[in-house]
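Colleague: Sequence and predicted structure are below.
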Amino acid sequence: MEKNSKIFVAGHRGLVGSAIVRALEKAGFTNLVLKTHKELDLTNQQAVTNFFAEEKPEYVFLAAAKVGGIMANKTYPADFIHHNLVIQTNIIQSAYENKIKKLLFLGSSCIYPKLCPQPIKEEYLLTSALEPSNKAYAIAKIAGIIMCQSYNEQYGTNFISLMPTNLYGTNDNFDLENSHVMPAMIRKFHEAKASGSPTITLWGTGSAMREFLHVDDLAAASIFLVENYNDSEIVNVGTGEDVTIKELAEKIKEVVGYEGEIVWDSTKPDGTPRKLLDVSKLHNLGWKHTIPLDEGIISTYEWFKENYK
């Protein structure tokens, strides 16, 4: 990419899209095309077709998606599969029709089977059953991967697919109804401390293991791979390190300064027992994360206190 290349970041107001925009601007890219949902409804095929025909972006970062935690995925599976299939189909087709130079599709580590070997290698995709609680979202993302690979095979496009692990950081969603585990915990501990509550209840047993990547690291990896990777095979993006949910809770409790007791509600689901990505492929390509988990939690909590109402 040249510094004046025309770059469309789809979903630029979300957690991932906003981080990509910050990283691109910091790196000196000056010709970014950014549209709000009001300006461009990505679920509207004709609107997306018209946008690509008029704007003619050279590069596309496809970060637009409907995302949420366990409860949201269990409650609204039709919304998750429909919105994500439509958005990515509209953008990938228009990118092909307008002969863009490169597209980056952002998937998710939930594409992998529920009980596959750990750490998870890229080739484990589609080898056994998915985690039931987020199957609809996962299948939409798998369709996006196969679509990118199919267009590369049939039309010679340069569409690459990244599979990030659990993300967190600046601009995260802290809504308790549909957020992911870390932002939900940050808000719960913050509110428990503010109210003086003696206990805080968290879902599950705390034994499930998860890997967490700061979204600014994902943004850096995304730009690196757009500039250095040209293959249809998916690439895992993570830290290669994981913690139990109980360990994560203790870290957040300490950062927030909450002094009460944690109660684990074992009637609620843990989700997949462990989900750690094998990131050796990414490391071999020449990229490694730079933000340690403890440091990332501190900066995310500071952002939450300053920005979240």
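Modeller: Alright, I've got the coordinates. Note that this is a predicted model, so its numbers are computed, not measured.
Colleague: Quick check: what element follows the helix or strand of the chain with the lowest mean pLDDT along the chain?
Modeller: Lowest by mean pLDDT, DSSP states H and E among the helices and strands of the chain is helix 70-75, with a mean of 72. Next in sequence after helix 70-75, counting helices and strands by DSSP states H and E, comes helix 77-97.
Colleague: Now do that next one, average pLDDT.
Modeller: Averaging pLDDT along helix 77-97 yields 95.
Colleague: Give me the contacts around that helix.
Modeller: With contacts defined as C-beta atoms under 8 Å, 6 or more residues apart in numbering, helix 77-97 is touched by 10, 42-45, 48-49, 51-53, 60, 62, 64-66, 68, 72-73, 103, 105, 134-137, 139-141, 143-144, 147-148, 151, 155, 157, 159. Heads up, the C-betas are built off the backbone N, CA and C, glycines and all.
Colleague: mind redoing it with 7 Å?
Modeller: By C-beta atoms under 7 Å, 6 or more residues apart in numbering, the surrounding residues in contact with helix 77-97 are 10, 42-43, 45, 48-49, 52, 60, 62, 64-66, 73, 103, 105, 136-137, 139-141, 143-144, 147-148, 151, 155, 157, 159.
Colleague: which residues in the stretch 51-200 of the chain form helices?
Modeller: 70-75, 77-97, 135-155, 181-195 (DSSP state H, counting those that start in this stretch).
Colleague: These: which one's closest to Leu115?
Modeller: Ranking the helices of the stretch 51-200 of the chain by their distance to Leu115 (criterion: C-beta to C-beta) puts helix 135-155 first, at 13.8 Å.
Colleague: Just the buried positions in the closest one, please.
Modeller: Neighbour-count burial for helix 135-155 flags 135-145, 147-149, 151-152 (criterion: 16 or more other C-beta atoms under 10 Å).
Colleague: Quick one: the strands in the chain, in order.
Modeller: 7-10, 32-33, 59-62, 102-106, 159-164, 166-168, 199-203, 209-210, 212-214, 235-237, 243-244, 261-265, 274-275 (DSSP state E).
Colleague: any chance of those strands in a markdown table, plus distance to Val21?
Modeller: What follows is the strands of the chain, written out as a markdown table (distance: least, C-beta to C-beta, whole Å):
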| stretch | distance to Val21 |
| --- | --- |
| strand 7-10 | 5 |
| strand 32-33 | 6 |
| strand 59-62 | 9 |
| strand 102-106 | 14 |
| strand 159-164 | 16 |
| strand 166-168 | 15 |
| strand 199-203 | 32 |
| strand 209-210 | 26 |
| strand 212-214 | 16 |
| strand 235-237 | 18 |
| strand 243-244 | 29 |
| strand 261-265 | 36 |
| strand 274-275 | 27 |
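Colleague: Mind putting the ones you listed into CSV with mean pLDDT and mean neighbour count?
Modeller: Listed next are these as CSV, based on pLDDT from 0 to 100; neighbours: other C-beta atoms under 10 Å:
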stretch, mean pLDDT, mean neighbour count
strand 7-10, 98, 26
strand 32-33, 98, 18
strand 59-62, 98, 27
strand 102-106, 98, 24
strand 159-164, 98, 24
strand 166-168, 94, 22
strand 199-203, 94, 16
strand 209-210, 94, 20
strand 212-214, 98, 24
strand 235-237, 98, 24
strand 243-244, 97, 16
strand 261-265, 96, 13
strand 274-275, 87, 20
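Colleague: Out of those strands, which is closest to Ile291?
Modeller: Of these, nearest to Ile291 by C-beta to C-beta is strand 212-214, at 4.0 Å.
Colleague: Pull the contacting residues for Thr239.
Modeller: 211, 213, 289.
Colleague: Now it: closest residue in space that isn't a chain neighbour?
Modeller: His289 (4.9 Å; C-beta to C-beta, 6 or more residues apart in numbering).
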